[in-house]
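**Student:** need coordinates for the below:
(one chain, ligands or ions: 1)
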Amino acid sequence: MAGGFAASGGGGGDYEGKVTAFVIMTCLVAATGGLLFGYDIGISGGVTSMDEFLLKFFPNVYHKEKNLKEGGSQYCKFNDHMLQLFTSSLYLAALVASFAASITTKAFGRKISMLIGGLIFLIGAVLNGAAMNLGVLILGRLLLGVGIGYANQSVPVYLSEMAPPKLRGALNVCFQMAVTLGILIANLVNYGTSTMKKNGWRVSLVLAAVPAVIMTVGAVFLPDTPNSLIDRGQKEKAKTMLQKIRGTSNVDNEFEDLIIASDMSKQVENPWGNIMKPRYRPQLTIAVLVPFFQQLTGINVIMFYAPVLFKTLGFGDGAALMTAVITGLVNVFATLVSIFTVDRFGRRPLFLVGGTLMIICQIAVGSIIASVFGVDGLGTFSKGLGNITVAIICVYVAAFAWSWGPLGWLVPSEVFPMEIRSAGQSINVSVNMFFTFIIGQIFLTMLCEMKFGLFFFFGGFVVIMTFFILFFLPETKGIPIEDISRIWKSHWFWKKYMPTDDNTHV
Ligand SMILES: OC[C@H]1O[C@](O)(CO)[C@@H](O)[C@@H]1O
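**Tutor:** Coordinates of the predicted model:
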């Protein structure tokens, strides 16, 4: 994920260095890593709304949908555990693989993990495109998940270690930007392939191989990071590499800091035990609650199932896929807003304005659906009301994309001090993957059971998380990562967990 490990030592970024070809390559790797992830998020909703795909793998759903054209509850037409497993199995595999990847990344370096991730993903994409039965389809999806787990664990680490400190924050948000682009490309591909007479879904699924090939080839040619080389005892090589990356021979300050940082992290015997200490309570709370809340905004209901949702709202196949393209576009542009405003206005204003807008939109969508479908799910949307609903969903997506989308990764990654950074980041990534899996797995059932109330359910969570930001999240804008601990000491609630003497480990 876009969790940038700010892996340097205490130098605060006063290092010499230019934006070299290596740094640009780093951005490209980040982009393909993000695209890989985004493409998978966006592709499943589209293929699961294609008749040929449904008829082949999920005939029950297909027949239920067709029969419903003659009447019946709209809420339940896509409710099928296997269909949900097709979407969500990827995230479960990614969750497990990200733990394995953290071991590989530490022991063998970042590029090996990227290589493994790219290759496994490639096999998954081919299996998916060639699948003749549901078993192969799910196996392919699991392999894609393993690839994503590896990529999401290693690419952000690689990124933050290669990037000059001044670019670290921007690169962090760029990863999320690439995720949104991946989602949009998937939506466009689905729109295109849905018009094919046969095998459109195969083309959609196999095209995931394109970013995977780029990442795999990139990983072969890219150098490993100086941090990783130092960690693995190759100091000389690390220094030469740092000089090459920064485009200057004067890298002594940064190199010293990297050595100190590596020594410090080796002294921390048990980062997992450390993070449980009361003094790290604010960081632990953020590492768990922020990714949990990000998923409980309900965003992946739109990202995974937009075409299915729009079909539920009475749109035809093509219109539903086109509408998904529109939400994808909104997602990309609103993420740009975040890139340009996050360091100017700060994190809290983006969260608070975004949260408030999301609540209003969720109440509005829930109420409109209630008025048309009621509790029994019978009824049809008029064209005008369908369009209004889509417009409100677009505002909701925009509000997410400048707030919880990128900040859900940025904020946790900047609050951990060095000694718990790696453990904190793993918690952040795995909580996110876990709840992405849960939402993917139960959304269609929830829609069937909770009906329009589902939108109020997610809206309720957004109320809670907006109050959480208001009262419990201090502003982190412009604070050097080394000084971050001072924000807790002056915070009305968190200060009680802070030791008075900075050297005392509580
Ligand atoms: O842009 C929306 C996407 O962003 C994420 O939160 C990942 O950063 C996904 O869970 C979601 O699908």
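**Student:** for the ligand, see how far away the closest residue to Phe381 other than its chain neighbours is.
**Tutor:** Excluding the flanking residues, the one nearest Phe381 by C-beta to C-beta, 6 or more residues apart in numbering is Gly314, at 4.1 Å. All C-beta spots, glycine's among them, are computed from the backbone N, C-alpha and C. To the ligand, Gly314 is 25 Å away according to C-beta to the nearest ligand atom, to the nearest Å.
**Student:** same question for Gly34.
**Tutor:** Here the distance between Gly34 and the ligand works out to 9 Å (C-beta to the nearest ligand atom).
**Student:** contacting residues around the nearest residue to that residue once chain neighbours are set aside?
**Tutor:** Among residues not flanking Gly34 along the chain, Ala178 sits closest, at 2.6 Å (C-beta to C-beta, 6+ apart). Going by C-beta atoms under 8 Å, 6 or more residues apart in numbering, Ala178 touches 30-35, 38.
**Student:** how about Val330?
**Tutor:** Shown in contact with Val330 (C-beta under 8 Å, 6+ apart): 394, 397-398, 401.
**Student:** which non-adjacent residue is nearest Val146?
**Tutor:** Ala97 (4.3 Å).
**Student:** list the buried ones in the helix or strand the one you found falls within?
**Tutor:** Assessed by DSSP states H and E, Ala97 sits inside helix 81-108. Residues 83-95, 97-98, 101-102, 104-105 are the ones in helix 81-108 that count as buried (16 or more other C-beta atoms under 10 Å).
**Student:** which strands or helices does it pack on?
**Tutor:** Judged by 3 or more C-beta pairs under 8 Å, 6 or more residues apart in numbering; DSSP states H and E, helix 81-108 is in contact with helix 21-48, helix 110-130, helix 134-162, helix 418-450.
**Student:** need these in TSV with mean pLDDT and mean neighbour count, can you?
**Tutor:** Listed next are the helices and strands packed on helix 81-108 as TSV, based on pLDDT from 0 to 100; neighbours: other C-beta atoms under 10 Å:
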stretch	mean pLDDT	mean neighbour count
helix 21-48	83	24
helix 110-130	93	23
helix 134-162	88	25
helix 418-450	84	21
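**Student:** CSV please, covering the ones you listed and showing distance to Leu352.
**Tutor:** Below are the helices and strands packed on helix 81-108 laid out as CSV (distance: least, C-beta to C-beta, whole Å):
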stretch, distance to Leu352
helix 21-48, 26
helix 110-130, 36
helix 134-162, 26
helix 418-450, 21
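**Student:** to Ala334, which of those helices lies closest?
**Tutor:** Ranking those by proximity to Ala334 (C-beta to C-beta) places helix 21-48 first, at 14.5 Å.
**Student:** what angle separates the closest one from helix 418-450?
**Tutor:** Angle between the axes of helix 21-48 and helix 418-450 is 20 degrees (criterion: axes from the mean of the first three to the mean of the last three C-alpha atoms, to 10 degrees).
**Student:** now do the residue in the chain positioned nearest to the ligand: how many residues are near it, please.
**Tutor:** In the chain, the residue found nearest to the ligand is Met303; the distance is 3.8 Å by C-beta to the nearest ligand atom. Counted by other C-beta atoms under 10 Å, the residues lying close to Met303 total 27.
**Student:** so what's it closest to, chain neighbours aside?
**Tutor:** Nearest non-adjacent residue to Met303 (C-beta to C-beta, 6+ apart): Ile41, at 5.1 Å.
**Student:** what do you get for Arg281?
**Tutor:** Tyr497 (4.6 Å).
**Student:** tell me how far the one you found lies from Arg279.
**Tutor:** Between Tyr497 and Arg279 the computed distance is 6 Å (C-beta to C-beta, to the nearest Å).
**Student:** in the stretch 151-300 of the chain, where is pLDDT below threshold?
**Tutor:** 165, 168-170, 269, 271 (pLDDT under 70).
**Student:** helices of that one, start to end?
**Tutor:** 168-193, 200-206, 209-221, 226-231, 235-246, 252-267, 271-274, 281-296, 299-312 (DSSP state H, counting those that start in this stretch).
**Student:** pull the residues that contact the last one.
**Tutor:** Put plainly, it is helix 299-312. Residues outside helix 299-312 that contact it (C-beta under 8 Å, 6+ apart): 41-42, 44-46, 48-49, 65, 74-75, 77-78, 87, 183, 187, 190, 317, 319-321, 323-324, 327, 331, 390, 393, 396-397, 400, 404-405, 436, 439-440, 443-444, 447, 454, 458.
**Student:** residues in the stretch 351-500 of the chain within reach of the ligand, list them.
**Tutor:** 405, 436 (C-beta under 6 Å from any ligand atom).
**Student:** contact residues of the stretch 1-150 of the chain facing the ligand?
**Tutor:** Ile41.
**Student:** which residues of the stretch 351-500 of the chain score low on pLDDT?
**Tutor:** For the stretch 351-500 of the chain, applying pLDDT under 70 flags the ranges 418, 422, 481-482.
**Student:** which stretches of it form helices?
**Tutor:** Secondary structure of the stretch 351-500 of the chain (DSSP H, counting those that start in this stretch): helices at 383-402, 404-415, 418-450, 453-472, 486-489.
**Student:** and Lys235, which of those is closest to it?
**Tutor:** helix 418-450 (19.2 Å).
**Student:** quick one: the closest one to chain centroid distance?
**Tutor:** In terms of C-alpha atoms, centre = their mean, to the nearest Å, the centre of helix 418-450 is found 10 Å from the chain centre.
**Student:** what angle do that helix and helix 453-472 make?
**Tutor:** Using the same axes, to 10 degrees: helix 418-450 against helix 453-472 is 150 degrees.
**Student:** what's helix 418-450 packed up against?
**Tutor:** Under the contact criterion of 3+ C-beta pairs under 8 Å, 6+ apart, helix 418-450 touches helix 81-108, helix 134-162, helix 252-267, helix 271-274, helix 281-296, helix 299-312, helix 404-415, helix 453-472.
**Student:** looking at these, which is closest to Ile245?
**Tutor:** Ranked by C-beta to C-beta, the member of these that lies closest to Ile245 is helix 134-162, at 6.2 Å.
**Student:** now the angle from that closest one to helix 110-130?
**Tutor:** Using the same axes, to 10 degrees: helix 134-162 against helix 110-130 is 150 degrees.
**Student:** nearest to Glu256, of the helices of the stretch 351-500 of the chain?
**Tutor:** For these, the distance to Glu256 is smallest for helix 418-450, at 14.9 Å, taking C-beta to C-beta.
**Student:** just want the angle from the closest one to helix 252-267.
**Tutor:** 70 degrees.
**Student:** span of stretch 471-478 from start to end?
**Tutor:** From its first residue to its last, stretch 471-478 covers 20 Å (C-alpha to C-alpha, to the nearest Å).
**Student:** report the buried residues of that stretch.
**Tutor:** Buried residues in stretch 471-478 (16+ other C-beta under 10 Å): 473-474, 476.
**Student:** could you do stretch 391-403 as well?
**Tutor:** By 16+ other C-beta under 10 Å, the buried positions in stretch 391-403 come out as 392-403.
**Student:** off-centre distance for it?
**Tutor:** 16 Å.
**Student:** kindly report the same for stretch 247-266.
**Tutor:** That offset, for stretch 247-266, works out to 30 Å (C-alpha atoms, centre = their mean).
**Student:** one step back: now the angle from the helix holding Ala97 to helix 418-450?
**Tutor:** Going by the same axes, to 10 degrees, helix 81-108 makes 170 degrees with helix 418-450.
**Student:** tell me what angle helix 81-108 forms with helix 299-312.
**Tutor:** Inter-element angle recorded for helix 81-108 and helix 299-312: 150 degrees (by the same axes, to 10 degrees).
**Student:** related to what we said a few turns ago, distance to Asp343 added to the contacts of Val330, as JSON lines?
**Tutor:** Shown next, in JSON lines, are the contacts of Val330 (distance: C-beta to C-beta, whole Å):
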{"residue": "Cys394", "distance to Asp343": "26"}
{"residue": "Val397", "distance to Asp343": "23"}
{"residue": "Ala398", "distance to Asp343": "20"}
{"residue": "Ala401", "distance to Asp343": "17"}
